[in-house]
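Engineer: Sequence below, structure please.
(one chain, ligands or ions: 2)
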Amino acid sequence: MHFYLPTRIYSERDSVKKHGNEWASLGRKALIVTGKSSAENGALADVTEALEHQGTKYFVFDETQQNPSVEHVLKIREKGIEQQADFVIGVGGGSPMDAAKAVALMLAHADRGAEYLYEKNIAGEKDYDAALPVVEVPTTCGTGSEVTPYAILTRHDACIKASLPHKIYPAYALVDGKYLMGTKREIIVNTAVDTLGHFMESYINTNATDFSRMLCEYGLGVWRSAKNILIGAGITVQDCDTMMFASTLAGMAIAHTGTALPHGLSYYLTYEKGVPHGKAVGYFLPGYLAASGPMIRKKVLSLAGFPDIQYFTAFIHRLLEPDDVSEELVAKAVRGLMSNESKLRNVPFAVTEPLLYQICRSGFGAVIS
Ligand code: NAP
Ligand code: FE
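Structural biologist: Residues are numbered from 1 along each chain as shown. Ligands and ions are numbered 1, 2, ... in the order given. Sure thing, here's the model as predicted:
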């Protein structure tokens, strides 16, 4: 049994400014990868203030796409080359954080083109791949990308979203719940559901060990303690800290185990219909739990604070406004998943096409057109 996580994590109020003397001097010039709204909650201001304090130059790219594509990553890399950046800072949700990792990889391989991103060239079971140092500052409470080695990009060549085969661990994760305050409830709900998915898919996973289970068992309790904000309770800064912490713990768990069926199926919804990531994952969680063994299902539900699967399904349906999903899209997702060996390997029960249809139907059966 092993656990590998080389990211230095600071999870506390003002973590960005408090530890600027460490992370802000990782290089001479930083490329900051962020999005228009992600930059507006104080995170970008804290990052640039810390860089200026250390006398480190920076360039801000604030037009990162949601669900960034391969082409978009190459466009950001051009900025990095032009600016002679020697480290990369992702500020925002999973989209800018994943883009920052992919850009850092491509800046370290500036002679290579798009094909390198999905080249399975990882020497043996290497723990990480060569990339410029990455600092991540999350502003949503969902992906945990600040502590995972994964970067998920949109591949228009394959009409899907897919995780890079490279492992790019951030050097620093600077976590602070204050960046969530003022965020639209919908973003908090979707991303907190992503966190729940990470815990559930990590716990019910062939790669789970005592280390990852420990993170899920403790982390689900943390998630549970703030889950009422998802169904309308007022959101305090303490709730934001709690959900942000849960998100990081869930990221640590999936950094070890990977995700499973709900994530694999979700990418089709996001690619074809633009459904936000956490929401797309949420649809498939009740079905994934229903398909798993009764003992583990009971355990996970109880850790997350749900008395039974019916209650959980109703909770998810209450949170997630249904999208209109066609039979054709469901069939595409099922076919795609059946040939996705890396996701299937993580599932600790036999996966068949009928089972996948069942999981899809239990998520949005009523609205399949
Ligand atoms: P996101 O796509 O990064 O952001 C969603 C929306 O939230 C955007 O409109 C963004 O605005 C806005 N936003 C972000 N922070 C905000 C804040 N504090 N206040 C107001 N608005 C804010 O969403 P996400 O769910 O965090 O990330 C999804 C991506 O992460 C997907 O590509 C998914 O595949 C990936 N993911 C990665 C991992 C991993 O381990 N690497 C795990 C799970 C998911 P702007 O765009 O204007 O900034
Ligand atoms: Fe996710």
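Engineer: Give me every residue in the stretch 201-350 of the chain lying close to ligand 1.
Structural biologist: Contact residues (CB under 6 Å from any ligand atom) of the stretch 201-350 of the chain with ligand 1: 277, 278. (Each C-beta comes from the backbone N, C-alpha and C, glycine too.)
Engineer: By proximity to ligand 1, which residue of the stretch 201-350 of the chain wins?
Structural biologist: Here the stretch 201-350 of the chain gets closest to ligand 1 at one residue, residue 277, 4.0 Å apart by CB to the nearest ligand atom.
Engineer: residues touching that residue, list them.
Structural biologist: Listed by CB atoms under 8 Å, 6 or more residues apart in numbering, the contact partners of residue 277 are 67, 94, 142, 143, 190, 191, 194, 266, 270.
Engineer: Now tabulate the residues you listed in JSON lines and tack on secondary structure.
Structural biologist: Below are the contacts of residue 277 laid out as JSON lines (DSSP: H, G, I helix; E, B strand; the rest coil):
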{"residue": "67", "secondary structure": "coil"}
{"residue": "94", "secondary structure": "helix"}
{"residue": "142", "secondary structure": "coil"}
{"residue": "143", "secondary structure": "coil"}
{"residue": "190", "secondary structure": "helix"}
{"residue": "191", "secondary structure": "helix"}
{"residue": "194", "secondary structure": "helix"}
{"residue": "266", "secondary structure": "helix"}
{"residue": "270", "secondary structure": "helix"}
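Engineer: In the protein, where is pLDDT below threshold?
Structural biologist: 121-127, 364-369 (pLDDT under 70).
Engineer: Next, name the residue at the spatial heart of it.
Structural biologist: residue 143 (2.4 Å; CA atoms, centre = their mean).
Engineer: Against residue 223, how distant is that residue?
Structural biologist: To residue 223, residue 143 is 14 Å away according to CB to CB, to the nearest Å.
Engineer: got it, and residue 358?
Structural biologist: 26 Å.
Engineer: Also residue 91?
Structural biologist: 24 Å.
Engineer: Residue 272 too?
Structural biologist: From residue 272 to residue 223 the distance is 29 Å (CB to CB).
Engineer: neighbour-wise, which of the two wins?
Structural biologist: residue 223 (27 against 16; other CB atoms under 10 Å).
Engineer: doesn't that one fall inside a strand?
Structural biologist: No. Counting by three-state DSSP, residue 223 is not found in a strand; it is helix.
Engineer: so the residue nearest to it when sequence neighbours are not counted is in which element?
Structural biologist: Using CB to CB, 6 or more residues apart in numbering and skipping residues adjacent in sequence, the residue nearest residue 223 is residue 246, 4.1 Å away. Element membership for residue 246 (DSSP states H and E) is helix 237-257.
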